[in-house]
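[1] heads up, no residue letters with this:
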């Protein structure tokens with residue numbers, strides 16, 4: 001990898017059990033200390049019971065994976081982070097206009113209090129093991145609740161005002177960024193007592209500007225709104241940098257630049273730690289989404305946060321390039337102790 005900034009703290013593998021007390025796989029996650037008492041967690045493809053194109057730790061419920069596997073993965077994740085999960089199923093502004101739907105999650109149920117039977121699937125295809133809300137962003141002032149954003153190329157933005165005890169999460173695809181989802185989420189946080197100048201934020205895994213190829217018209221329109229986000233991708237066509245646009249939107253909303261916490265050092269450290277991981281090697285050998293040898297996959301990673309490049313993440317674009325019709329979803333979580 002060309003990102004050579006590593007966190008000094010490398011986990012002691014002897015202290016980590018791959019299974020829980022019942023013998024179920026424990027999701028492999030990457031924690032980020034965002035602010036005092038506030039933690040962000042990124043899940044990976046590792047440590048779950050999904051199979052095939054969804055292997056191993058798929059947490060999204062709409063792609064066609066076995067609902068029982070999704071349920072098991074979500075329950076294991078809730079146990080590992082010690083919080084109930086409140087997850088966003090994006091509406092992507094359909095029939096809403098404006099800046100999107102922001103859910104104020106004041107009373108989310110924990111995984112053990114879900115009204116559906118274990119493994120039951122709702123009408124829209126969501127396996128139940130957590131509260132799943134229809135929204136584009138989510139905020140709460142409750143402690144002990146993990147707000148979650150599904151991702152497989154789109155950008156999760158996690159935010160917290162630790163002093164006010166308010167956290168928020170926004171799902172930032174191209175259209176969401178253009179319609180102001182970040183500022184809408186921050187407005188909802190402010191309504192609960194947060195102040196933009198006190199907000200700390202971090203950007204989760206997403207497809208990078210070198211890989212997010214779009215048409216000329218889309219790239220030009222996006223760059224007109226977010227100057228400097230036009231890219232020439234590794235595939236030779238025009239692209240856009242959604243992470244750069246998100247940083248612009250955070251600054252526009254009043255979040256200090258030095259309060260944007262860089263997740264890369266921890267992700268770099270985790271990638272280095274998992275360089276020869278047997279489970280990841282097995283997934284790469286079977287997924288058909290690139291070179292079958294894990295070492296060869298790592299050799300092409302230039303941006304550890306890029307969902308297309310880093311084999312730790314799920315990627316819609318990588319799956320599409322491999323001719324697949326579906327893929328799994330990771331979760332970016334934010335929680336306050």
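    Good, I have the coordinates. Predicted model, so just to flag it, every value in this text is computed and none were measured. Numbers count the residues shown, from 1 in each chain.

[2] past the worst-scoring helix or strand of the chain on mean pLDDT, which element shows up next along the chain?
    In the chain, no helix or strand scores lower on mean pLDDT, DSSP states H and E than strand 102-104, which sits at a mean of 60. Once the chain leaves strand 102-104, the next helix or strand it forms, by DSSP states H and E, is strand 131-134.

[3] tell me the mean pLDDT over that next one?
    Strand 131-134 comes out with an average pLDDT of 78.

[4] and after it, which helix or strand comes next?
    Next in sequence after strand 131-134, counting helices and strands by DSSP H and E, comes strand 137-140.

[5] which other helices and strands does the longest helix along the chain contact?
    Determined from DSSP state H, the single longest helix within the chain is helix 67-81. On a contact count with 3 or more C-beta pairs under 8 Å, 6 or more residues apart in numbering; DSSP states H and E, helix 67-81 meets strand 29-35, strand 84-89, strand 330-336. Bear in mind the C-beta positions are built from the backbone N, C-alpha and C, glycine included.

[6] make it 10 Å
    strand 29-35, strand 38-43, strand 84-89, strand 145-151, strand 330-336 (3 or more C-beta pairs under 10 Å, 6 or more residues apart in numbering; DSSP states H and E).

[7] contacts only, for residue 280.
    By C-beta atoms under 10 Å, 6 or more residues apart in numbering, the residues touching residue 280 are 28, 44, 45, 46, 56, 271, 274, 294, 297, 298, 311, 312.

[8] what residues sit buried inside the helix or strand hosting it?
    In this assignment (DSSP H and E), residue 280 forms part of helix 278-287. Using 16 or more other C-beta atoms under 10 Å as the test for burial, helix 278-287 gives 279, 280, 281, 283, 284, 287.

[9] now swap in stretch 137-148 and tell me
    So stretch 137-148, judged by 16+ other C-beta under 10 Å, has buried residues 137, 138, 139, 140, 141, 142, 145, 146, 147, 148.

[10] so how far is that stretch from its chain's centroid?
    15 Å (C-alpha atoms, centre = their mean, to the nearest Å).

[11] what's the first-to-last distance across it?
    Using C-alpha to C-alpha, to the nearest Å, one end of stretch 137-148 lies 9 Å from the other.
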